[in-house]
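J.: From the sequence below, what's the structure:
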Amino acid sequence: MANNLDPQVLSKAEAWLNGNYDEQTKQEVRMLIENNPNELVESFYKDLEFGTGGLRGIMGVGTNRMNIYTVGAATQGLANYLKQNFAGEEIKVAISHDSRNNSRMFAERVADIFASNGFIVYLFDALRPTPELSFAIRELGCQSGVMVTASHNPKEYNGYKAYWNDGSQVTSPHDVNIIAEVAKVTMEQVLTGKNTENIHILGEEFDKIYLQAIKDLSLSPESVAKYNDMKIVYTPLHGAGVKLVPQSLRNYGFNNIICVDEQMVLDGNFPTVASPNPEERKTMAMAIERAEKEGADFAMATDPDADRLGVALRTGKGDYVLLNGNQTLVLLMCYQLTRWAELGKITGKEFVVKTIVTSMMPDAVAEHFGVKCYNCLTGFKYIAKIIREQEGKTKYIGGGEESFGYLPGDFVRDKDGVAAITLVAEAAAWARDTMGITLYEWLQQLYVKYGFFREGLVNVVRKGKDGAAEIQQMMVDYRQNPPKSLLGSPVVKILDYKTLEEIDTRTGERKAIEGIDEKSNVLQWLTEDGTKVSVRPSGTEPKIKFYFGVKAQLASVDEFDATLEALDKKIEDLKKELEL
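T.: Now for the predicted structure:
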């Protein structure tokens, strides 16, 4: 069998057989060589890349898999870069992990290597949410941190997010510089087994500090006191939200938290769901079923590392609608801005943030309240970058992105599912207390007030080398021949984030895109009737994404269903016109 293998793949595999690897790993490599040549190729044909967000891959032996050796090389490369950047300083790092298979082992491996490099290491005693890791970096004055997670990917995956000293995932120039350092590391250079006394364990006492910071975000304690028995259905989807989300809700005063027991069990195989992604209704099915049984106003979930949240609201008809990420963002942002205004906290020096592919509704809401709304590139690290740049100048209120992430308050610098879920519950109590309505009814009223904005997304998957080339060619073609109109409405503006140019198609005028200083391969077309289409190749998967934003005026809530149907049809018509 070995004779038929790609010589380069076989050479890399044999290097693992002859190198300083544990016996079990060598045995698994031998089995692949003898019995599973296809898997051998997948495991060794390339090195698992340390990308701008860190590592992510299928777990297993080999250079293209998540294992203690690829994690070790990544950690040593990051350590080397930290030593260059913070020469002469005592370097401190924080480490956490989610419930995925091998996450604890990988986290302990990271802690061992950092300690062996002479760093002070803060390792959580068990799994914790990504936002608490970000909080720990800031709270403990760390230079860096690592979160072992693959977010909401399938169970076969694990990953490794690298953070900088502001609690944000690394951004330019550190991201590319760390990648270069990781690429230089050989297995023999990875330091282990030293300075174990440098590893300090974080437990429940630290949780209390984080949960208190979330409690300090509370805007309507009097409403919660009146409706503290409101039925709240929650599931952590077998992940890291298991303790902290119910604790945070109780901290606010809620005492009727109904957990989905089967999904409170920590299990990296995620046995009750096909995928632990709260963006999908089938993933939320058990929570929604429980909400129906209990007559709850809503059901909520966090993904395995508890940075994303899913929210399903009961409608006036008694069924449950799973909000998309844009709707959750709009509800939370409107709640924060409304209450900040009522409490006299808006002075004209506040701001909110969203990504360029997120709904246009927050722009309208922010304008109404006299608050600046920044737009940034896709990825929460860019929201964190704006918070960092505005520190000491203006006050951050909240921000988020369409992919089910929101951050209220600036003590964390990544998506915070724990804080966001808690504020959703408080907003529900406030809406009931002050207006006698549910959150879903309030969302409909917001559409009447600010305009009915509706969004859609299409992922076009093109696998393999040929697929990657096809995706790149699509972007070339769109730049050379952009659509002149969409559903009969002229395209009046093109934003090209690769050149950072905004083009007025009527005058031909070109100017720099405001507020964006980093290039990205994204195109946006804006039409005369307010439609927006964004095209973006994924940075981590073999797909190209099309984001649709349409809007209409909603005269009254009575017209909601008809207008929703019309907007959804418009999105479907756009897909057909673009042949998606």
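
J.: mind listing the helices for the stretch 301-450 of the chain?
T.: Counting by DSSP state H, counting those that start in this stretch, the stretch 301-450 of the chain has helices at residues 325-342, 361-369, 380-390, 417-435, 439-450.

J.: looking at those, which is buried most?
T.: Across the helices of the stretch 301-450 of the chain, averaging neighbours per residue (mean count of other Cβ atoms under 10 Å) puts helix 417-435 on top, at a mean of 24. To be clear about C-beta, it is placed using only N, CA and C from the backbone, and glycine gets the same treatment.

J.: and that helix, average pLDDT?
T.: Throughout helix 417-435, pLDDT has a mean value of 98.

J.: and that helix with helix 439-450, angle?
T.: Between the axis of helix 417-435 and that of helix 439-450 there is an angle of 80 degrees, by axes from the mean of the first three to the mean of the last three Cα atoms, to 10 degrees.

J.: hey, C-alpha coordinates of the helix or strand bottoming out on mean pLDDT in the chain in PDB?
T.: Taking mean pLDDT, DSSP states H and E as the measure, the helix or strand of the chain with the lowest value is helix 464-480, at a mean of 88. Included here for helix 464-480 are C-alpha records, laid out as PDB according to Å, rounded to 0.1, in the frame of the first residue of the first chain:
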ATOM      1  CA  GLY A 464     -11.000  22.000  -3.700                       C
ATOM      2  CA  LYS A 465      -8.300  23.800  -5.700                       C
ATOM      3  CA  ASP A 466     -10.600  24.300  -8.700                       C
ATOM      4  CA  GLY A 467     -13.300  25.700  -6.400                       C
ATOM      5  CA  ALA A 468     -10.900  28.200  -4.900                       C
ATOM      6  CA  ALA A 469      -9.900  29.400  -8.300                       C
ATOM      7  CA  GLU A 470     -13.600  29.600  -9.400                       C
ATOM      8  CA  ILE A 471     -14.400  31.800  -6.300                       C
ATOM      9  CA  GLN A 472     -11.500  34.100  -7.100                       C
ATOM     10  CA  GLN A 473     -12.600  34.400 -10.800                       C
ATOM     11  CA  MET A 474     -16.100  35.300  -9.600                       C
ATOM     12  CA  MET A 475     -14.700  38.300  -7.700                       C
ATOM     13  CA  VAL A 476     -12.700  39.300 -10.800                       C
ATOM     14  CA  ASP A 477     -15.700  39.100 -13.000                       C
ATOM     15  CA  TYR A 478     -17.900  41.100 -10.600                       C
ATOM     16  CA  ARG A 479     -15.200  43.800 -10.400                       C
ATOM     17  CA  GLN A 480     -15.000  44.000 -14.200                       C
END
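
J.: pLDDT averaged over the helix or strand following that helix, what's the number?
T.: Read in the C-terminal direction, the helix or strand following helix 464-480 is strand 485-486, with elements assigned using DSSP states H and E. Within the predicted structure, the mean pLDDT of strand 485-486 is 97.

J.: And for stretch 262-271?
T.: Averaging pLDDT residue by residue across stretch 262-271 gives 97.

J.: Export only the CA atoms of that stretch, formatted as CSV.
T.: Extracted in CSV, the C-alpha atoms of stretch 262-271 (Å, rounded to 0.1, in the frame of the first residue of the first chain):
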residue,chain,number,x,y,z
GLU,A,262,-30.5,16.7,28.2
GLN,A,263,-28.4,19.5,26.8
MET,A,264,-26.9,20.6,30.2
VAL,A,265,-24.7,17.5,30.0
LEU,A,266,-21.2,18.5,28.9
ASP,A,267,-20.4,16.4,25.9
GLY,A,268,-18.0,17.1,22.9
ASN,A,269,-20.0,14.8,20.7
PHE,A,270,-23.1,17.1,21.0
PRO,A,271,-25.4,14.0,21.0
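
J.: So which bits of it are buried?
T.: By neighbour count on 16 or more other Cβ atoms under 10 Å, the buried set for stretch 262-271 is 263, 264, 267, 268, 270.

J.: Let me know the closest of those residues to residue 163.
T.: Distance from residue 163 was checked for each of the buried residues of stretch 262-271 by Cβ to Cβ. The minimum falls on residue 268, at 22.2 Å.

J.: close enough to count as contact, the closest one and residue 99?
T.: Yes. Using Cβ atoms under 8 Å, residue 268 makes contact with residue 99 at a distance of 5.5 Å.

J.: shared neighbours, these two?
T.: Overlap between the contact sets of residue 268 and residue 99, as judged by Cβ atoms under 8 Å, 6 or more residues apart in numbering, is given by residue 238.

J.: re earlier: so which of the helices of the stretch 301-450 of the chain comes closest to residue 129?
T.: Among those, helix 417-435 sits nearest to residue 129 (Cβ to Cβ), with 5.6 Å.

J.: neighbours around the residue lying closest to residue 393 once chain neighbours are set aside, how many?
T.: On the basis of Cβ to Cβ, 6 or more residues apart in numbering, the spatially nearest residue to residue 393 that is not a chain neighbour turns out to be residue 349, at 7.9 Å. A count of neighbours around residue 349, defined by other Cβ atoms under 10 Å, yields 11.

J.: tell me the secondary structure for residue 93?
T.: The three-state label for residue 93, taken from DSSP: H, G, I helix; E, B strand; the rest coil, comes out as strand.

J.: Kindly report the same for the one 3 residues further on.
T.: The three-state label for residue 96, taken from three-state DSSP, comes out as strand.

J.: Next one: it from residue 219, what distance?
T.: Plainly put, residue 96 is 28 Å away from residue 219 if you go by Cβ to Cβ, to the nearest Å.
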